[in-house]
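**Student:** what would the 3D arrangement of this be:
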Amino acid sequence: MLLIPGMSAIAKKQVCKSLPRGYALSHVLDQSVELAKKIGKSRYKVFLEKCNYGNQDIAVDGLDFWNLGSFAISPINQIETLIAIYEENLPFSPRSFEILKDIMVMEKTKHYTIRAKTGWTNVAGQNIGWWIGYIEKGQSVYFFATRLINDQSESHPEFGPCRIKITKSVLAQLGILD
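**Tutor:** Predicted coordinates for the structure are as follows:
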């Protein structure tokens, strides 16, 4: 896990004024495909470039081009993107940031708010899962990016939920979550 307390920086991909309220919570792949259709692949690529998001390789055919093929992003670039979202330093409207930050809330307590997103893809026989986000606690902000990889030939029924469990365990040990 990469954890970087509040620093300035760089990038994020698509945020759209018309994001549906439940976007991050249910039917994410289907809604992402529909959103990609509305945005269009060429416009999507322009935003990837403007935001310096990942390797920007979306040359693969298909409607979920960000999830298949050679498109990739490092945990460091994910952190840079999260910081840019937090600071609203990307080419999107204030309203788009407001919507995005609202749907990113995964947990809110009287002590902290976690804004985050999970992800999962399959590449070359491997499951690659991640949980990225940031925690607002008092006047502090903590950014995190956890990426886990396992061989698809091995059965790991806890692979999906463990992204969050492992990250929260480390954050608790660091005294960020209480």
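**Student:** helix or strand for Ile76, just tell me which one.
**Tutor:** Using DSSP states H and E, Ile76 sits in helix 75-87.
**Student:** alpha carbons only: can I get that helix in PDB?
**Tutor:** C-alpha atoms of helix 75-87 as PDB (Å, rounded to 0.1, in the frame of the first residue of the first chain):
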ATOM      1  CA  PRO A  75      -0.500   3.400  -7.700                       C
ATOM      2  CA  ILE A  76       1.600   6.600  -7.700                       C
ATOM      3  CA  ASN A  77      -0.400   8.000 -10.600                       C
ATOM      4  CA  GLN A  78      -3.600   7.000  -8.800                       C
ATOM      5  CA  ILE A  79      -2.500   9.000  -5.800                       C
ATOM      6  CA  GLU A  80      -1.600  12.000  -8.000                       C
ATOM      7  CA  THR A  81      -5.100  11.700  -9.400                       C
ATOM      8  CA  LEU A  82      -6.800  11.500  -6.000                       C
ATOM      9  CA  ILE A  83      -4.900  14.600  -4.900                       C
ATOM     10  CA  ALA A  84      -6.000  16.500  -8.000                       C
ATOM     11  CA  ILE A  85      -9.600  15.400  -7.300                       C
ATOM     12  CA  TYR A  86      -9.300  16.500  -3.700                       C
ATOM     13  CA  GLU A  87      -7.800  19.900  -4.800                       C
END
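**Student:** avg pLDDT for that helix?
**Tutor:** Here helix 75-87 scores 96 as its mean pLDDT.
**Student:** and it, what other elements does it pack with?
**Tutor:** strand 2-5, helix 94-103, strand 126-137, strand 140-151 (3 or more CB pairs under 8 Å, 6 or more residues apart in numbering; DSSP states H and E). (Glycine included, C-beta is placed from N, CA and C.)
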